[in-house]
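Provided below are the primary sequence and the corresponding predicted coordinates.
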Amino acid sequence: MVAFRVTGCAPCPATGLGFKDTAMFTVAAFYKFTPIDDPAALRTPLLSACERLGIKGTLLLAREGINGTIAGTRDGIDAILAHIRDLPGCADLEHKESHAKDMPFLRMRVRLKKEIVTMGQPDVDPTSAVGSYVEPRDWNDLISRDDVVVIDTRNDYEVGIGTFQGAIDPETQSFRDFPKWWQDHRDEFRGKRVAMFCTGGIRCEKSTNYLLGQGVNDVYHLKGGILKYLEEVPEAESKWQGECFVFDQRVSVGHGLVEGSYDQCFACRRPITEADKSRPEYIRGVSCHQCVDEYSAADRARFKERQKQISLARARGDIHMGSDAQA
């Protein structure tokens, strides 16, 4: 069920394509590291504002700042971003936009967290120092140099569907694993400049601060992350290979931020292809070839019941909240 129908839309700024008489939603991704004394006091007003404006998605609040990906109409997104920029320390908040034909979220959540992106390193403070920002238009030149090592800071399943040419995959299952991976491999990168990237830039705020604290002086990161690069750099000039995983029901996007070709296993949340669905390990909502051995029989039974309820809800024309797995 679509919450809004927007007609006569102007061309998408990322692709230049028109979407006249097509349901269109603006998707905004953003983060801001700024001290928040009482995140809990902001939660209810933010949630109320989002619900009033028809916004859906997830916002994370912590003492270190705010992080979120949300979707809504053009007017709704503009209004909620103005609301957020009125919060202390958020006046200069930057955001990235893409578009979706259907609402990519089923509900709105504002969650309180210890960290807006979890690294588990209490001494890391992106407000004190970060690596040098590199604009998307300058990224190709930097990562092509012989004295630069390029590191993908995302999780292994994200890297698996797309990354930059020549980038190192740490094969981490969570961002918490990155500090240990660095300690295990740091000697391999002596004498090199380090360039890092992630989906929207937030992980690199922490990972570059972490490396600076480890004595690495020449640290760089892609400003705006992969999403900004795919939006601004023409495909003919791109060094990006594959698609970029996103944390909503679009699953992935490509150049120009157009929706990608991947679906998702709703048991393990990893991206899957149409070919993967033909494998014997795939049971919709229950397992895929990547997670078939990862869960207990009790987990599988729970997944099957959830999928059954989702299917029954869809048959009735309803939305089952269990299908809002990404949140």
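Ah, there it is.

quick one: pLDDT of Arg52?
Note for Arg52: predicted pLDDT of 97.

look up how far Ser261 lies from it.
Counting by Cβ to Cβ, to the nearest Å, the gap from Arg52 to Ser261 is 35 Å. (Glycine included, C-beta is placed from N, CA and C.)

got a list of what the nearest residue to Cys265 once chain neighbours are set aside touches?
In this structure, Cys265 finds its nearest non-sequential neighbour in Cys288, 3.9 Å apart by Cβ to Cβ, 6 or more residues apart in numbering. Residues in contact with Cys288 (Cβ atoms under 8 Å, 6 or more residues apart in numbering) are Cys265, Ala267, Cys268, Arg270, Ile272, Asp276, Arg279, Glu281, Tyr282.

write the PyMOL selection for whichever of the residues you listed are buried.
Command for PyMOL that selects the buried part of those, burial taken from 16 or more other Cβ atoms under 10 Å:
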select buried, resi 265+267+268+270+272+276+282
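
closest one of the contacts of Cys288 to Ala301?
Among the contacts of Cys288, Ala267 lies closest to Ala301 (Cβ to Cβ), at 12.0 Å.

quick one: secondary structure of the closest one?
Here Ala267 is recorded as coil under DSSP: H, G, I helix; E, B strand; the rest coil.

ok, now Ala79?
helix.

list the residues that contact the nearest residue to it once chain neighbours are set aside.
Leaving aside its chain neighbours, Ala79 sits nearest to Leu53 (5.4 Å; criterion: Cβ to Cβ, 6+ apart). Residues near Leu53 by Cβ under 8 Å, 6+ apart: Gly72, Asp75, Gly76, Ala79, Ile80.

so which of these is surrounded by the most neighbours?
Neighbour tally across those (other Cβ atoms under 10 Å): the maximum, 26 neighbours, falls on Gly72.

how about the strands in the stretch 151-300 of the chain?
With strands called from DSSP state E, counting those that start in this stretch, the stretch 151-300 of the chain shows them at 162-164, 193-197, 219-222, 240-242, 244-245, 252-253, 263-264, 271-272.

give the other helices and strands that the first one contacts.
Same thing as strand 162-164. Identification of packing neighbours for strand 162-164 by 3 or more Cβ pairs under 8 Å, 6 or more residues apart in numbering; DSSP states H and E yields strand 148-152, strand 240-242.

wait, which of the ones you listed is closest to Phe178?
strand 148-152 (9.1 Å).

list the contacts of the closest residue to Gly68 other than its chain neighbours.
Distances taken as Cβ to Cβ, 6+ apart place Leu59 nearest to Gly68, at 3.8 Å, with adjacent residues excluded. By Cβ under 8 Å, 6+ apart, the contact list for Leu59 reads Leu46, Cys50, Ile66, Asn67, Gly68, Ile70, Arg109, Val110, Arg111.

restricted to strands, list those.
Ile66, Asn67, Gly68, Ile70, Arg109, Val110, Arg111 (DSSP state E).

quick check, nearest of the contacts of Leu59 to Gln173?
Of the contacts of Leu59, the one sitting nearest to Gln173 (Cβ to Cβ) turns out to be Asn67, at 20.0 Å.

surely the closest one and Leu60 touch.
Yes - contact criterion Cβ atoms under 8 Å: Asn67 and Leu60 qualify, at 4.5 Å.

okay, buried residues for the lengthiest helix in the chain please.
Criterion DSSP state H: the longest helix present in the chain is helix 297-316. Along helix 297-316, these residues count as buried under the neighbour rule (16+ other Cβ under 10 Å): Phe303, Lys304, Arg306, Gln307, Ile310.

export those to TSV and tack on distance to Gln165 and pLDDT?
Listed next are those as TSV, based on distance: Cβ to Cβ, whole Å; pLDDT from 0 to 100:
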residue	distance to Gln165	pLDDT
Phe303	37	93
Lys304	41	93
Arg306	39	90
Gln307	38	89
Ile310	39	83
